[in-house]
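1. sequence and predicted structure are below.
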Amino acid sequence: MLGKRDQSVYGSLTLDEIQKKIATLAKELGFGVDFYQSNHEGALIDTIQEASGKGFDGILINPGAYGHTSIAIRDAIADCGVQVVEVHISNVYARESFRHHSYISPVASGIVAGFGPDSYLLGFRGLCDKLN
C-alpha cells in the first residue's frame, strides 16, 4: 500500500521504488539483495526461518503492525541465525501509544524509524555495516 496509504505519514514512494533505491545502494556497497513482501504472518515467518538456509546473512524488515502484535515473528527473528535490522517509515514513538512497543526491537541488531522511506536506506547501510 506504500504510495497509496496515508501519504502524510508514509510518503508517496511505492514499495517498488524503495526496492529500486535499495538495490542501487546494495550494488554500491557490494552486497546482493533479494526482496519479499507479504501481508500474511505465516508466510513472513516461513521466509524468516528459511533465510539462513538460503545463504542470507541479514534481514531488513519493516514488520508494520506485526511488530506490535506478533510474538511468532519475534521468535522467528530471534532464532533465524542472521543479523536483523527493523525499520519503520514513521516515528512510531510520536504516534499512538500502542505503536510504542515492538516485539521485534529486543531481538533486532538495530532499529531505524522516522526518516520516511529513507529509513530503509539507513537501515540497509546499518545492516551492511553489521555484516562487514
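-> Arrived safely.

2. neighbours around residue 71, how many?
-> Neighbours of residue 71 under the rule other C-beta atoms under 10 Å: 9. C-beta here means a position set from N, CA and C on the backbone, and glycine is covered the same way.

3. low pLDDT regions in the chain?
-> For the chain, no stretch has pLDDT under 70.

4. give me that answer again for 90
-> The model of the chain has pLDDT under 90 over residues 1-13.

5. how about the helices in it?
-> With DSSP state H, the ranges of helices along the chain come out as 7-10, 15-29, 41-50, 66-69, 71-79, 118-131.

6. the ones you listed: which one's closest to residue 104?
-> Of all the helices of the chain, the one in closest proximity to residue 104, counting by C-beta to C-beta, is helix 66-69 (4.7 Å).

7. list the contacts of that closest one.
-> With contact meaning C-beta atoms under 8 Å, 6 or more residues apart in numbering, helix 66-69 is reached by 41, 44, 73, 86, 88, 92, 98-99, 101-105.

8. got those as TSV, with distance to residue 18 and neighbour count columns?
-> Shown next, in TSV, are those (distance: C-beta to C-beta, whole Å; neighbours: other C-beta atoms under 10 Å):
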residue	distance to residue 18	neighbour count
41	22	15
44	17	22
73	20	21
86	16	23
88	13	24
92	18	19
98	25	10
99	20	17
101	25	11
102	20	21
103	23	19
104	19	23
105	21	15
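
9. and the furthest pair within the residues you listed?
-> Maximum pairwise distance among those (C-beta to C-beta): 19.9 Å, between 44 and 98.

10. how about the residue nearest to residue 87 when sequence neighbours are not counted, what does it touch?
-> Counting by C-beta to C-beta, 6 or more residues apart in numbering, residue 87 lies nearest to residue 123, which is 4.0 Å off, once chain neighbours are set aside. Listed by C-beta under 8 Å, 6+ apart, the contact set of residue 123 reads 60, 85, 86, 87, 110, 112.
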